[in-house]
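[1] Show me how the following folds:
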Amino acid sequence: MAENTAASAAAAATDERTMRRARRQALIDAGVNPYPIASEVTAHAGELEEKYAELPEGADTEDVVSVAGRIRALRKQGKAAFIVLEDVSGSIQLFCRHDVLGDEGWALLANLDLGDILGATGAVLRTRRGQLSVSPTQLTVLSKSLRPLPEKFHGLTDREVRYRQRYVDLIMNPEVRDVFRKRSQIISLIRRYMEAEGYMEVETPMMHAILGGANARPFVTHFNALDRDFYLRIATELPLKRLIVGGMERVFEIGRQFRNEGMDLTHNPEFTSMEAYCAYSDLEGMKRLSEGLFKAIAREVCGCEEGNEVITFQGQQIDMSGTWASRPLSEIASECVGEELTMDTPIEHLRELCEKNGIEVQPNWGAGKLLFELYDELGEKTIVNPTFVCDYPEEVSPLSKRKAEDPRLTDRFELVIAGHEYANAFSELNDPVDQAGRFAEQVAAKGMGDDEAMGYDYDYVRALEYGMPPAGGIGYGIDRMIMLFCDQPAIRDVLLFPAMKPETITRADIEAQVAGVVTDNAAASVDAIAEDSEKVAAAAAEAPAALVAGIDREAALALLTEHNHEEFHIEHGETVGGVMRVFAEETDPENADFWEVVGILHDLDWEEHADDPVNHTVYAAELLRAAGCSEELVRAVQSHNSDNNPELPAPELPMEKVLFAVDELTGLIGAAVIMRPSKSVMDFEVKSLKKKFKDKRFAAGCNRDVIRKGAELCGWELEELFSRTIDAMKAIAPDRDTFGK
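    Now for the predicted structure:
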């Protein structure tokens, strides 16, 4: 039923577009240009409402104004018509009368639609019903709308459509426009505040030859003129600190950063940050800077009174007034576990506390890392009012200055509000010898597979060798700040154009746009345009009505155990089969048996031919055919190894794409689960999986690039694939819950 409704809506929209195109042509045939060059606006709706607030009902004026905006309502009543125009400041009614407009102007009304952009010139009046209006003597079509707006005012509620078609979201939802007005206001205020504090705004390169300033997976681009790869910046830290060396005592930069990572409520691969550095300052200076900045925003943007800077965020009251708390990380962790913890707490006891609270640990973790995990998993989310969390262990702060009184701790804080981090600050490392050593450690980590580790920046160490004064430095997540002050739950709600998975656009979509187009020169064919467009993707291949495996589940398990004797390989086949069935029941229930058999048999030949990964599944095909399996099953099994052997079929059906995505991922999840105290997938969370995924030294045999490609094939964000696969494994969890040993 839902599919029929959607199809009917799409057909109706297509018919409406056809009629609007016809009205566009009717305007042209009547000598009216529906997209003129010139337009005139002398007043906005909001200004008129304010200026004529005291104009009595039924009163006319001789004040002539020109207004323009989008038609949001249109109603004819005999020889009168009422049009509601919406502009950037609000709405104004046009009270159109045949005798005032004349025949030509009145005839124009027949070719107007909701959503058209219209200009009107006429006198201001207030109708007898009290509606402030403009009585136009002239109407001008400024832009003919060919697509209908959503049917109801505020009717655009689908978040996927809202984010992808932000232009429609802004048209339909005035509160969204308000968020982005506030965003602009906040960024403008930040600049003014920083300048008033004596900071100079600077610009540093977007492309870096060496990765540095943070631990993150980068986007890579190729610089043709130099014939070498560069990285889109992940942070502005190192260029800004070079300026401190050069004598610019206070600098800041607001700009975009790019991190090739997943998306969630508080992360987007392209985001805005501000970093600031102040010579001869320290953490205390960064605390005072943060307090002053956040309070200034609360007063100017949220209307708070000085000394009572209290805002509401997602139902929680946040009190920013007064001096903010500064608390050691170990103190917060101690509160969460009910006993005092310090860097001197025995490591074995810290491990026991982690295990008791369901936090998986690594054997090589020291006291600092264990303390941090207890805080990160249990403590951060308990913080409501602004708190500077201080004294981070050196083990988790490799680029921070150590504290003189205890070199196991660093001079660093994170600003936490409502359970989220909003700033990270350091007393900056300025010892070139120490810095060179820490860069060397990062290069070693990179060599061990950490693709988020920084490179060795020779020039930055050289800059420090000239001498950098003591300095405080801080980085703010601007998007998160805007979420806080605009009371928005997700980062996508404060980004005009958030990152989205590619949209599937068909040849028919393009044909509908170019149909009837007349050009001065030769125009490309629809096929050529579809092939050229980066956004066009072939419609997702549909699974046949019924897929026949030629073998049932029990026979598939018997075949698997005939050629595999290691318990892990048999368990892996069962797990992937079960997960495939869960996914099938959501999207292709008719073929759930087929999906499960594919999962069970996908690595049929692995144990016998592990030394020949290129021909993995080639041998399997022979075994499957000998067992009487169908060619559909053979193809599906072979498709998941097409990365290693281009002669094999690539995943095309949804079932094949899911297999490609979950094969490696279920192995990674199984490895992570058995590290947990509970040995159970039932309390395993996406957050834990993301940590393991980023640590390439963990379960190094699980290819992260294959998992990423699998998510792309399925059209999912990486975090969605993680979440859905964990849920599927929970749904099929056996009593032992381990999925591997």
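[2] Check which element follows the helix or strand hosting I190 along the chain.
    For I190, the host element (DSSP states H and E) is helix 174-196. As assigned by DSSP H and E, the chain's next helix or strand after helix 174-196 is strand 200-201.
[3] Could you list the residues in contact with that following strand?
    Strand 200-201 is contacted from outside by R191, M194, E195, M248, R250, V251, F252, E253, I254, using C-beta atoms under 8 Å, 6 or more residues apart in numbering. To be clear about C-beta, it is placed using only N, CA and C from the backbone, and glycine gets the same treatment.
[4] Number of residues surrounding D319?
    Counted with other C-beta atoms under 10 Å, the neighbours of D319 add up to 13.
[5] what sits against it?
    Contacts of D319 by C-beta under 8 Å, 6+ apart are E309, V310, N385.
[6] Can you flag the buried ones in these?
    E309, N385 (16 or more other C-beta atoms under 10 Å).
[7] Mind putting the contacts of D319 into TSV with distance to I732?
    Shown next, in TSV, are the contacts of D319 (distance: C-beta to C-beta, whole Å):
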residue	distance to I732
E309	51
V310	48
N385	43
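[8] Give the full set of residues in contact with S290.
    Counted by C-beta under 8 Å, 6+ apart, S290 has contacts W324, F388, L415, A423, A425, I474, Y476.
[9] buried subset of the residues you listed?
    Applying 16+ other C-beta under 10 Å to the contacts of S290 flags W324, F388, L415, A423, A425, I474, Y476 as buried.
[10] Surely the first one and L289 touch.
    Yep, that's W324 we're talking about. No - taking C-beta atoms under 8 Å as the definition, W324 is not a contact partner of L289, at 11.8 Å.
[11] Against which helices or strands is the strand or helix carrying L371 packed?
    In the assignment (DSSP H and E), L371 maps to helix 367-374. Helices and strands touching helix 367-374, by 3 or more C-beta pairs under 8 Å, 6 or more residues apart in numbering; DSSP states H and E, are helix 329-337, helix 347-356, strand 406-410.
[12] hmm, 6 Å instead?
    Secondary-structure packing of helix 367-374 (3 or more C-beta pairs under 6 Å, 6 or more residues apart in numbering; DSSP states H and E): helix 329-337, helix 347-356.
[13] downstream neighbour of that helix in the secondary structure list?
    According to DSSP H and E, the helix or strand after helix 367-374 is strand 387-390.
[14] ok, and what's touching that next one?
    K287, A325, S326, R327, P328, L329, F413, E414, L415, V416 (C-beta atoms under 6 Å, 6 or more residues apart in numbering).
[15] tell me which of the residues you listed is nearest to I482?
    Nearest to I482 among the contacts of strand 387-390 is L415, at 15.2 Å by C-beta to C-beta.
[16] who's the closest one bridged to?
    F388, A423 (DSSP bridges).
[17] quick revisit: can you list the buried residues in the helix holding L371?
    A367, G368, K369, L370, L371, F372, E373, L374.
[18] chain center to it, what's the gap?
    29 Å (C-alpha atoms, centre = their mean, to the nearest Å).
[19] Please work out the angle formed by the directions of that helix and strand 406-410.
    30 degrees (axes from the mean of the first three to the mean of the last three C-alpha atoms, to 10 degrees).
[20] before we move on, back to that, and the contacts of S290, which two are furthest apart?
    Spatially, the most separated pair among those is W324 and Y476, at 14.7 Å (C-beta to C-beta).
[21] Mind telling me what element E284 is part of?
    Using DSSP H and E, E284 falls in helix 283-302.
[22] Oh, that last question was meant for R635, not what I typed.
    helix 631-639.
[23] So what touches the helix holding L371?
    Residues contacting helix 367-374 (C-beta under 6 Å, 6+ apart): S330, A333, M343, I347, L350, C354, I359, P393, E395, V396.
[24] Now do the helix or strand where D434 lies: everything it contacts.
    Element membership for D434, per DSSP H and E: helix 432-447. The contact list for helix 432-447, computed with C-beta under 6 Å, 6+ apart, reads P398, L429, A453, M454, Y456, V461, L464, E465.
[25] quick one: which of those is most hemmed in?
    Neighbour-wise, these (other C-beta under 10 Å) top out at M454, 25 neighbours.
[26] Confirm that one sits in a strand?
    No - M454 is assigned coil when assessed by DSSP: H, G, I helix; E, B strand; the rest coil, not a strand.
[27] Tell me who's in contact with it.
    M454 touches L211, G212, Q442, counting by C-beta under 6 Å, 6+ apart.
[28] how about TSV for the residues you listed, with neighbour count and pLDDT added?
    Formatted as TSV, these follow (neighbours: other C-beta atoms under 10 Å; pLDDT from 0 to 100):
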residue	neighbour count	pLDDT
L211	24	79
G212	22	80
Q442	22	75
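[29] just curious, which of the residues you listed is nearest to D15?
    L211 (53.2 Å).
[30] I'd like the distance between the most centrally placed residue in the chain and I491.
    Among the residues of the chain, N268 comes closest to the average C-alpha position under C-alpha atoms, centre = their mean, at 3.5 Å. The gap separating N268 from I491 is 5 Å, by C-beta to C-beta, to the nearest Å.
[31] just R159 next, same as before
    13 Å.
[32] Compare those two and say which is more crowded by neighbours.
    I491 (21 against 12).
[33] I'd like the contacts of strand 200-201 as CSV, with pLDDT appended.
    Output for the contacts of strand 200-201, formatted as CSV (pLDDT from 0 to 100):
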residue, pLDDT
R191, 98
M194, 98
E195, 98
M248, 97
R250, 98
V251, 98
F252, 98
E253, 98
I254, 98
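[34] Deepest in the core, which of the helices and strands packed on helix 367-374 is it.
    Counting by mean count of other C-beta atoms under 10 Å, helix 329-337 has the highest mean neighbour count of the helices and strands packed on helix 367-374, with a mean of 20.
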